[in-house]
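>>> Sequence and predicted structure below; questions after.
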Amino acid sequence: MKNKTPELTFIFPKGEKGTDDFFTGNAYPTALVDEDSIYNTLVGNVYFEPKARTKWHSHPAGQILIITDGIGYHQIEGKSIEIIKKGDVIKCPPNVKHWHGASAETGMQQLYIIPNTEKGIVEWNEKVTEEEYLK
Ligand code: MN
C-alpha cells in the first residue's frame with residue numbers, strides 16, 4: 001500500500017475507507033483511543049483526499065479538531081465555509097450542525113477528540129451537496 005496520498009504524509013494507520021453513510025468521497029477514519037472505564041473520550045484520525053468530506057452532523061458533547069496536514073473546509077450551518085489548515089485547532093460546540101473535510105484541491109488530515117462520550121458521540125444528517133461544498 002502507498003504510504004502517502006498526493007499531499008499528505010501519513011502519521012497514523014490509514015485504515016479502511018469510510019462508508020457513504022458518513023462521508024462523501026475518499027475519507028479514511030481510524031480510531032486511536034477508545035472510550036473505556038477511565039477515559040470517556042474518543043480520539044481518532046481522518047485522512048480526507050481532495051473533495052472528501054463528512055456529511056452534515058452534530059456532536060452532543062462537542063468535538064475538537066486538530067489539523068495536522070493539508071488544507072480543508074469547515075462549515076457551521078448558516079455560516080460561511082471556513083478554510084482550515086495544518087496547525088489549526090477548532091472547537092465544534094455541542095449540538096451545532098456542521099461538516100468538515102478536505103479542500104477541493106488539497107487533502108486534509110485531522111485528529112478529532114470527542115469528550116464526555118456519555119452524552120453521545122455523533123448524530124448524522126444529510127450529505128453536503130456539491131453546491132454547498134463549492135460555495
Ligand atoms: Mn464533527
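That came through, no problem.
>>> Contacts only, for the residue nearest the centre of the chain.
In the chain, the C-alpha closest to the average C-alpha coordinate belongs to His100, at a distance of 5.1 Å (C-alpha atoms, centre = their mean). With contact taken as C-beta atoms under 8 Å, 6 or more residues apart in numbering, His100 is in contact with 53-54, 65, 72-75, 84, 90, 110. Glycine gets a C-beta too; all of them are placed from N, C-alpha and C.
>>> rerun at 6 Å
Counting by C-beta atoms under 6 Å, 6 or more residues apart in numbering, His100 makes contact with 54, 74.
>>> what lines up beside the longest strand anywhere in the chain in the sheet?
Ordering each strand of the chain by length in residues (DSSP state E) puts strand 63-76 first. Each strand pairing with strand 63-76, determined using DSSP bridges, is listed with its direction: strand 82-85 (antiparallel), strand 89-92 (antiparallel), strand 98-102 (antiparallel), strand 108-114 (antiparallel).
>>> Thank you, goodbye.
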